[in-house]
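Participant: take this sequence and fold it.
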Amino acid sequence: MSKLKWGILLMLIGSLIGLAGCSGKAAGDNEPEKKAAEEKVKEEEKVKEEQVKEEENKEEVKPVVVNVIDPNTKAVLKTFSPAEMGFGDDDEKYKADLAQWAKEIARGTDTKQGYDQRMTLDKIGPDGKIIKGQPEVILEESELVDKIFAASVSGGDVELPLYVSESGYDPADVPYLGEVVVASYTTHFNSGVAGRTKNIELSAEAINNIILGDGDHFSFNTTVGPSDEAHGYQPAEEAINGKLVMGIGGGICQTSSTLFNAVDKVGVSYVEKHHHSVTVGYVPKGRDATVSYGGKDFRFENTTGIPLLVKANFGNGVLTIEIRTAKKYEGMLKKAV
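Facilitator: Numbering: from 1, shown residues only. Sure thing, here's the model as predicted:
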């Protein structure tokens with residue numbers, strides 16, 4: 001190869017190397033711009049991610065609600081929205097509204113039965129076996145209001161505070177509860193008045209052999225039940241608004257009044273007792289206890305400290321109600337003050 005050709009070749013190689021060097025320099029000059037672009041993209045992606053998270057958080061924020069649960073069925077009875085009812089703004093009104101609802105669900109309304117249930121006392125049947133009644137059920141209204149109010153901060157479930165009380169006696173004592181008479185009272189009636197006599201007899205049978213456990217609550221209306229024609233009660237005179245008028249079930253107040261005068265000799269505590277609007281002849285003035293199913297009742301609590309048995313003896317114009325107990329309890333009886 002001639003020197004001329006070698007020279008040309010060397011010039012070409014040099015040019016190529018120069019071009020390569022220029023290309024490398026240009027690429028190096030663009031690197032900061034590329035990194036800046038990449039950072040900008042990353043920043044935009046981060047902003048978008050934060051926006052998405054904010055939207056998700058907004059969707060997850062739900063209003064605070066409180067569910068009231070039946071502890072037996074686990075059913076949701078009521079759902080409260082505290083904020084909508086004034087919680088935090090007008091707590092006094094909020095609590096008042098809760099208290100009204102608690103009262104209705106506990107005691108019932110004209111159209112719906114409440115959770116509260118009076119005790120139906122056990123009874124000794126003709127065969128000597130125990131006829132079971134029903135326990136007392138109390139829904140503590142103030143406790144329910146407090147529980148809902150406390151849960152109103154963050155929401156959640158609240159169970160009804162139901163308290164169930166069984167009769168306070170030992171079934172093993174039942175065969176001996178009639179051993180000792182600790183109190184009794186007798187009233188008289190005209191057995192020739194058929195309707196009134198029948199009504200006294202039916203109501204006396206209803207309370208006969210009732211077991212009063214220690215701490216039990218007795219309700220005459222609950223024990224006797226409706227005094228209507230469907231249950232065998234007959235027309236007879238009864239006191240209404242200061243007058244004697246004919247009505248179905250007249251005479252049952254003699255049974256309730258006789259019972260009152262008997263238990264008044266022992267240490268019971270009265271829950272409810274009413275006088276007649278007229279003077280009655282079978283007990284001294286002020287010693288009566290009028291009743292009306294669905295209305296006025298005669299109620300007391302056995303606070304004698306021992307179990308008792310009610311015995312009602314009826315016949316020949318005489319009604320005697322005795323309060324008895326087992327001999328081993330006689331000396332433990334708390335008498336009336």
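
Participant: number of nearby residues for the closest residue to residue 167 other than its chain neighbours?
Facilitator: Excluding the flanking residues, the one nearest residue 167 by Cβ to Cβ, 6 or more residues apart in numbering is residue 213, at 4.0 Å. Yep, even glycine has a C-beta here, placed from its N, CA and C like the rest. Residue 213 is flanked by 20 other residues according to other Cβ atoms under 10 Å.

Participant: wait, what's in contact with residue 213?
Facilitator: For residue 213, the contacting residues are 121-122, 167-169, 302, 307, by Cβ atoms under 8 Å, 6 or more residues apart in numbering.

Participant: now which of those residues would you call buried?
Facilitator: 121-122, 167, 169, 302, 307 (16 or more other Cβ atoms under 10 Å).

Participant: can you list those residues in a markdown table and add secondary structure and pLDDT?
Facilitator: Below are the buried ones among the contacts of residue 213 laid out as a markdown table (DSSP: H, G, I helix; E, B strand; the rest coil; pLDDT from 0 to 100):
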| residue | secondary structure | pLDDT |
| --- | --- | --- |
| 121 | coil | 97 |
| 122 | coil | 97 |
| 167 | coil | 94 |
| 169 | coil | 96 |
| 302 | strand | 96 |
| 307 | coil | 97 |
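
Participant: listing request: residues of this protein with sub-threshold pLDDT.
Facilitator: By pLDDT under 70, the weakly predicted segments of the chain are 1-30, 55-61, 240-244, 336-337.

Participant: ok, now with 90
Facilitator: For the chain, the stretches with pLDDT under 90 are 1-63, 110, 235-250, 267, 276-281, 294, 334-337.

Participant: so who does the residue most central in space within it touch?
Facilitator: Note on the chain: the residue nearest the mean C-alpha position is residue 139, at 2.7 Å, using Cα atoms, centre = their mean. Neighbouring residues of residue 139 by Cβ under 8 Å, 6+ apart: 102, 105-106, 114-116, 160-163.

Participant: which residue ranges form the strands in the stretch 1-150 of the chain?
Facilitator: 66-69, 76-80, 123-124, 130-131, 136-139 (DSSP state E, counting those that start in this stretch).

Participant: what's stretch 323-334 in contact with?
Facilitator: With Cβ under 8 Å, 6+ apart, stretch 323-334 has contacts from 173, 176-184, 262-263, 265-267, 303-311.

Participant: and that stretch, how far apart are its ends?
Facilitator: 13 Å (Cα to Cα, to the nearest Å).

Participant: may I see the buried residues of it?
Facilitator: For stretch 323-334, burial by neighbour count (16+ other Cβ under 10 Å) applies to 323-326, 329, 333.

Participant: take these and keep only those in strands.
Facilitator: 323-325 (DSSP state E).

Participant: ok, the residues you listed vs residue 41, which is closest?
Facilitator: Nearest to residue 41 among those is residue 325, at 93.0 Å by Cβ to Cβ.

Participant: what about the closest one, distance to residue 306?
Facilitator: From residue 325 over to residue 306 the distance is 6 Å, taken as Cβ to Cβ, to the nearest Å.

Participant: and for residue 129?
Facilitator: 22 Å.

Participant: which of those two has more neighbours?
Facilitator: Between residue 129 and residue 306, counted using other Cβ under 10 Å, the more crowded position is residue 306 (24 against 10).

Participant: quick check: that one is in a strand.
Facilitator: No. Using DSSP: H, G, I helix; E, B strand; the rest coil, the assignment for residue 306 is coil, not a strand.

Participant: find the nearest non-adjacent residue to it, please.
Facilitator: That would be residue 329: by Cβ to Cβ, 6+ apart, it lies 4.0 Å from residue 306.

Participant: just the helices in the chain please.
Facilitator: 3-60, 91-107, 141-151, 194-207, 220-224, 252-263 (DSSP state H).

Participant: what residues of the third one count as buried?
Facilitator: Translated: helix 141-151. Under the neighbour-count criterion of 16+ other Cβ under 10 Å, helix 141-151 has 141, 144-149, 151 buried.

Participant: OK, contacts around residue 316?
Facilitator: residue 191.

Participant: tell me the spacing between it and residue 259.
Facilitator: Counting by Cβ to Cβ - residue 316 and residue 259 are separated by 19 Å.

Participant: ok, back up a step: among the contacts of stretch 323-334, which lie within strands?
Facilitator: Per DSSP E, the subset of the contacts of stretch 323-334 in strands is 180-184, 308-311.

Participant: redo these as JSON lines? Include neighbour count and distance to residue 208.
Facilitator: Formatted as JSON lines, the ones in strands among the contacts of stretch 323-334 follow (neighbours: other Cβ atoms under 10 Å; distance: Cβ to Cβ, whole Å):
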{"residue": "180", "neighbour count": "17", "distance to residue 208": "17"}
{"residue": "181", "neighbour count": "14", "distance to residue 208": "14"}
{"residue": "182", "neighbour count": "19", "distance to residue 208": "17"}
{"residue": "183", "neighbour count": "21", "distance to residue 208": "16"}
{"residue": "184", "neighbour count": "16", "distance to residue 208": "13"}
{"residue": "308", "neighbour count": "27", "distance to residue 208": "13"}
{"residue": "309", "neighbour count": "26", "distance to residue 208": "10"}
{"residue": "310", "neighbour count": "24", "distance to residue 208": "7"}
{"residue": "311", "neighbour count": "20", "distance to residue 208": "6"}
